[in-house]
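Q: The following block contains a protein sequence and its predicted model.
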Amino acid sequence: MSLEKLVTISSSDKNNDLSVNNSDFTVTLNERNLSQGVNRVLIKEVTVPNVFPNVRGTDYGTNRNNRFFINQGGFDTGFTIPEGQYVISTIGTPPPNDLLTVLENLINPVITPETVTITIDPITNKLNFLFSSANFDFSNSEDSLLNNSLGIKGPLGALAASLTAQSIPDLSGLKNVYIHSKDIADLNGVDAGFGLISLAEPISLADTPYGSYSYKKNDDDELASIVFEQPRNLSTIRIVLRDEKGNKLDIGTHCLNIVFKAYFDAV
């Protein structure tokens, strides 16, 4: 006969000796008998905070995007944008997180006596960089990681005093995050770039404003079920939150919560 129990895991219950932070943590279950022979798990609910800014620094590894370069006569000049949650443009007096104003304030002192004015086209929504006299181009530097957020696909191929981005800007930030756990989902997922991964559950942040919590409930038991080849000991479970490139994400003091149903043989 198979039995089942709901198991709740929260970063607030983490084992401090075995945990790094609230999104790379280990929980030790007080119930030790049933948890040593789990046949499969069914992930029911996950709650994850969206605390990941749309301009990210070095703590985000390969998913950082806070560097921007422009080219003048074959020479690249780089600028580092402070990490934060930005807006692309505003009406009236721009707030401190207006990205266009931040870019102008970073670029202009460096290219003096030249100046640049960055505007957004009211019809196409593409950005235009208007320099006072000298000719520039967008950079092809691999470290120009802010380009996608600005709608820049790469150099236009010719120096000019007026540069228009090839696409509209995208400041939506991280679209998805992923719950990983070798204990409950070892080799459960396949990533195009990494191969087999310990993916337990993907979480969409598309409808979650910055600073709010994303809640996911699984109603499809087949899609949410993870079946083990042999009964598994889940008395200790490690959870890691990652982005689509595998970088670990830090949620600070916010909480990450998971509810799953465990199936085990009666003894």
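A: On my side now, so go ahead. Since this is a predicted model, take the numbers as computed values, not measurements.

Q: And the chain, split by domain according to the record?
A: The chain breaks down into these domains under automatic domain parsing: 2-52+174-265, 58-164.

Q: Centre of the chain to the longest one, how far?
A: What separates the centre of domain 2-52+174-265 from the centre of its chain is 17 Å, taken as Cα atoms, centre = their mean, to the nearest Å.

Q: got a list of what the spatially closest residue to I81 that is not a sequence neighbour touches?
A: Among residues not flanking I81 along the chain, N66 sits closest, at 4.7 Å (Cβ to Cβ, 6 or more residues apart in numbering). Placement of C-beta: from N, CA and C, glycine included. Applying Cβ atoms under 8 Å, 6 or more residues apart in numbering to N66 gives the contacts V55, R56, G57, T80, I81, P82, E83, L145, L146.

Q: can I get the domains of the chain in JSON lines with mean pLDDT?
A: Formatted as JSON lines, these follow (pLDDT from 0 to 100):
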{"stretch": "domain 2-52+174-265", "mean pLDDT": "91"}
{"stretch": "domain 58-164", "mean pLDDT": "93"}
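
Q: Check the spacing between G173 and G37 real quick.
A: To G37, G173 is 41 Å away according to Cβ to Cβ, to the nearest Å.

Q: What segments of the stretch 1-150 of the chain are helices?
A: Using DSSP state H, counting those that start in this stretch, the helices of the stretch 1-150 of the chain run over 99-111, 147-150.

Q: got the phi/psi numbers for the residue nearest to I81?
A: Main-chain dihedrals, N66, degrees, to the nearest 10: phi -100, psi 20.

Q: wait, doesn't T164 sit right on I123?
A: No: the pair formed by T164 and I123 falls short of the contact definition of Cβ atoms under 8 Å, at 11.9 Å.
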